[in-house]
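> one predicted model, sequence on top.
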Amino acid sequence: MQRDISENIDRSKSFKIVIFLLGFVILTFFICHYFLYKDIKTRNEHASLLEHELSLEEGKQEYLSLTDRLLQNIQSDIDNINNSIIPADGDIHFIEDLEILAKNNGLKIDIDSLIIEEDSSLSSSKATTLKIKAKTSGPWSGTYAFLANLESLPIKIKLNGFSLAAAQSDTGDGKKSSASIWQSSFEIVLLKYK
């Protein structure tokens, strides 16, 4: 009987040791799983943060490339605008070009007046207006070509008035005849930098 008691005590001790060991293994298992879960959660948060930062950087890169393309497109528009306005010291050059244009079309040109006016709508800008009044005389085809070339210049020109009349010439015997000479008078207004 004592032996049975001693065996029961031994079994009870062994059972307690096995239960203690199983409890320790289960506790260790749960602790490992907790740290593994914590590590995975931290890595997912870090990956999500990196993905968000990458998305922001891609957005910034897209914005910068779009802005760069926009600036390139705007630059050509700015160049076109700058080329449509006479430079501050370019009025003499423009008049020379106007005279060459008339001569190339077989016309004689006389510049009546040059007026630089301050326009109230341009007061906040660095531009002013230049008015040119002139007369031409020559053949109809030259007058027509001159007007067409004048309108197609890269400089923005506003034609305020244009009159065209056939000129009569004296034939020498006291009679006036209508010749193929046409006279025109016009006023153009263009922008000029101050």
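The structure has been received and is ready for your questions.

> what about dumping the CA coordinates of stretch 101-110 to CSV?
The C-alpha atoms that make up stretch 101-110 are tabulated as CSV, following Å, rounded to 0.1, in the frame of the first residue of the first chain:
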residue,chain,number,x,y,z
LEU,A,101,8.3,95.2,-98.6
ALA,A,102,6.8,98.0,-100.7
LYS,A,103,9.8,98.1,-103.0
ASN,A,104,9.7,94.3,-103.5
ASN,A,105,6.1,94.6,-104.7
GLY,A,106,6.9,97.4,-107.1
LEU,A,107,5.5,100.2,-105.0
LYS,A,108,6.7,103.6,-103.9
ILE,A,109,6.0,104.3,-100.3
ASP,A,110,5.9,107.6,-98.4
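
> tell me which element the residue nearest in space to the middle of the chain is part of?
With distances taken as CA atoms, centre = their mean, Ile74 lies nearest the centre of the chain, 2.5 Å away. When secondary structure is defined using DSSP states H and E, the element that contains Ile74 is helix 2-83.

> quick check: longest strand in the protein by residues?
For the chain, the strand with the greatest residue count under DSSP state E is strand 176-193.

> please point out which parts of that strand sit buried.
Taking 16 or more other CB atoms under 10 Å as the neighbour-count basis, strand 176-193 is seen to contain the buried residues Ile181, Trp182, Gln183, Ser184, Ser185, Phe186, Glu187, Ile188, Val189, Leu190, Leu191, Lys192. (C-beta placed from N, C-alpha, C; glycine too.)

> name the nearest of those residues relative to Leu66.
Nearest to Leu66, judged by CB to CB, of those is Leu191 at 31.4 Å.

> run through the residues that contact that closest one.
Taking CB atoms under 8 Å, 6 or more residues apart in numbering as the contact definition, Leu191 lies against Ser84, Ile85, Ile86, Leu122, Ala127, Thr128, Thr129, Leu130, Lys156.
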